[in-house]
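Chemist: Sequence and predicted structure, then a few things I'm wondering about:
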Amino acid sequence: MKIEHRIASKLTEERARMQNLVKEHGKFSIAEVTVEQVYGGIRGVPIHVTDVSHVDPQEGLRLRGYAVPEVLEKLPKSEHGEYPLAGGLYYLLMTGEIPTKQEANQVEIEWKVRSNVPEHVFKSLQPMPAYTHPMTLFSQAILALQSESVFAKRFYYGIDKEDYWGYYLEDSLNLTAKLPTIIANIYNLKYRNGIFVQPNPKLDWSANFAYMIGKHDPAYMDLMRLFVVLHSDHEGANVSAHASHLVASALSDIYLSCSSGMNGLAGPLHGLANQECLRWLLDVQSHFKVVPTEEQLRQYLVEFLASGRMIPGYGHAVLRVTDPRFTAQRDFACKFLPDDPLFQLVDMVYQILPGILSQNGKVKNPWPNVDAINGTLQYHFGVTEADFYTVLFGFSRILGISTHVVWSRAMGKPLERPKSLTTDILESMIKSV
Ligand code: CMX
């Protein structure tokens, strides 16, 4: 079944569930909000319901209820590798069902048909200074595509609220279809003298990115399939997903919404951490010149932390265990690049740093997150431009973000409008108790 038909077949039941919760339990209190939380980044306050994914502090990511190893095992694989087709992943995110191989291929075909990127998108990037960060170019390219929004055009002439989601899905399929070409040619613009490469119709979505940047190694194509699955979503309230959801709640279309999400992802405490992590690992490597002993590395890490700096790739706002996305990439590295010196350093840091961070007492999660290793894998296959890594994260993450947004419109979710207070109001609220 096609994605739109599968979503349509679930809508009546899903809307009834939500309406029943609001009608029968509308006044049920989910959480109290404390002063600490308001000043502390609204940490842990439930603000949104989404069934696309969930991050359990102890288990990590579940996509539509499936843990990372289950997703990797159950989704249909590419004929050319061991990892899943992104088309099947998008089907799972959008519909909640594990697709058949035929359904996964159907999404891949839809994407090929919709993959042409209008000329003005790349033209709008060319005048940018050479030092522009690739995330800026990526967000800009998505924004330039907004001219093509089907939802925005149809809304102008008037559409039934019930039909919003269909146009958001149409825009989402159009946007995601173009992403491999967009990001590959941003890479080519920045690092390959601006050559323009068209997608190869014989390749799947994830592998096509590899092909267009000139990486034809089947192992790298498989790495990209893995990378896309692992970075596709991480529940609905992280900075990029929440920013996109908030913007789309004003009925801004998928392009406006995803571009704003990418601006959040570009921050060093969120998506930019993968770029920072690789730079940090290379610094450690060049500091020691040769492989350090365990004791030398321990001392280096202790001194580094004592200087007040953070170590990218470690810690998480929700997780309290090793990120299963780190583990899946580590498994890949053990298989394809066990002797890579940078991977060996990643592994040494993994053996030593959590113990040091735990002793330090203030870090709530001493374990590695997804970013502690993803740059190392890219680096191994010759994608050495660390400032591009967040674009790879964003390219994958738009699969999840666009799904959240389509479902929010399908469920008829309203404009988001929380409340801000002044310091005076807050102080007088406290005094009055
Ligand atoms: N290195 C050094 N110090 C760290 C640290 C790290 N990796 N992780 C947390 N800390 C520090 C914090 O800076 C904070 O210090 P202060 O109290 O002095 O401000 C203290 O430990 C407590 O922080 P926390 O509650 O454990 O962590 P937060 O929920 O506030 O922040 C995160 C989470 C990810 C931003 C933080 O761990 C961090 O900055 N990590 C490094 C950057 C990184 O890897 N980001 C990628 C996140 C993955 C993603 O976005 O998907």
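Modeler: That came in fine, so what should we check first? Numbers count the residues shown, from 1 in each chain.
Chemist: low pLDDT regions in the stretch 201-350 of the chain?
Modeler: Across the stretch 201-350 of the chain, nothing is flagged by pLDDT under 70.
Chemist: What residues does it have near the ligand?
Modeler: For the stretch 201-350 of the chain, the residues in contact with the ligand (CB under 6 Å from any ligand atom) are 234, 269-270, 273, 305, 310-317. For every residue, glycine as well, the C-beta is placed using N, CA and C.
Chemist: Just the buried ones among those residues, please.
Modeler: Taking 16 or more other CB atoms under 10 Å as the criterion, what is buried in these is 234, 270, 273, 305, 311-317.
Chemist: Quick check: whichever residue of the stretch 301-433 of the chain sits closest to the ligand vs Ser257, distance?
Modeler: Of all residues in the stretch 301-433 of the chain, Gly315 sits closest to the ligand, at 2.2 Å by CB to the nearest ligand atom. Gly315 sits 28 Å away from Ser257, going by CB to CB, to the nearest Å.
Chemist: three-state assignment of the spatially closest residue to Gly382 that is not a sequence neighbour?
Modeler: In space, and not counting its chain neighbours, Gly382 is closest to Lys215: 6.6 Å by CB to CB, 6 or more residues apart in numbering. The three-state assignment at Lys215 reads coil, by DSSP: H, G, I helix; E, B strand; the rest coil.
Chemist: mind listing what the residue of the stretch 301-433 of the chain closest to the ligand touches?
Modeler: By CB atoms under 8 Å, 6 or more residues apart in numbering, Gly315 lies in contact with 357, 363-367, 369.
Chemist: now do 7 Å
Modeler: 363, 365, 369 (CB atoms under 7 Å, 6 or more residues apart in numbering).
Chemist: which of those come close to the ligand?
Modeler: 363, 365, 369.
Chemist: Select from those the one having the most neighbours.
Modeler: Asn369 (25 neighbours; other CB atoms under 10 Å).
Chemist: Was I right to think that one contacts Asp323?
Modeler: Yes. Look at Asn369 against Asp323 with CB atoms under 7 Å: they come within range, at 4.6 Å.
Chemist: Touching both of those two, which residues are there?
Modeler: By CB under 7 Å, 6+ apart, the residues touching both Asn369 and Asp323 are His316.
Chemist: Name the next helix or strand downstream of the strand or helix carrying Glu295, please.
Modeler: Taking DSSP states H and E as the criterion, Glu295 maps to helix 294-306. The helix or strand immediately downstream of helix 294-306 is helix 324-336, counting by DSSP H and E.
Chemist: From the rest of the structure, what touches that following helix?
Modeler: Here helix 324-336 has contacts from 60-61, 67-68, 72, 219, 223, 226, 230, 343, 368-370, 372-374, 377, using CB under 7 Å, 6+ apart.
Chemist: quick revisit: for the buried ones among the residues of the stretch 201-350 of the chain next to the ligand, name the two members farthest from one another.
Modeler: Farthest pair in those (CB to CB) is His234 and Leu305. Separation: 25.5 Å.
Chemist: rewinding a little: and the residue nearest to Gly382, what is it in contact with?
Modeler: Applying CB under 7 Å, 6+ apart, the residues near Lys215 are 381-383.
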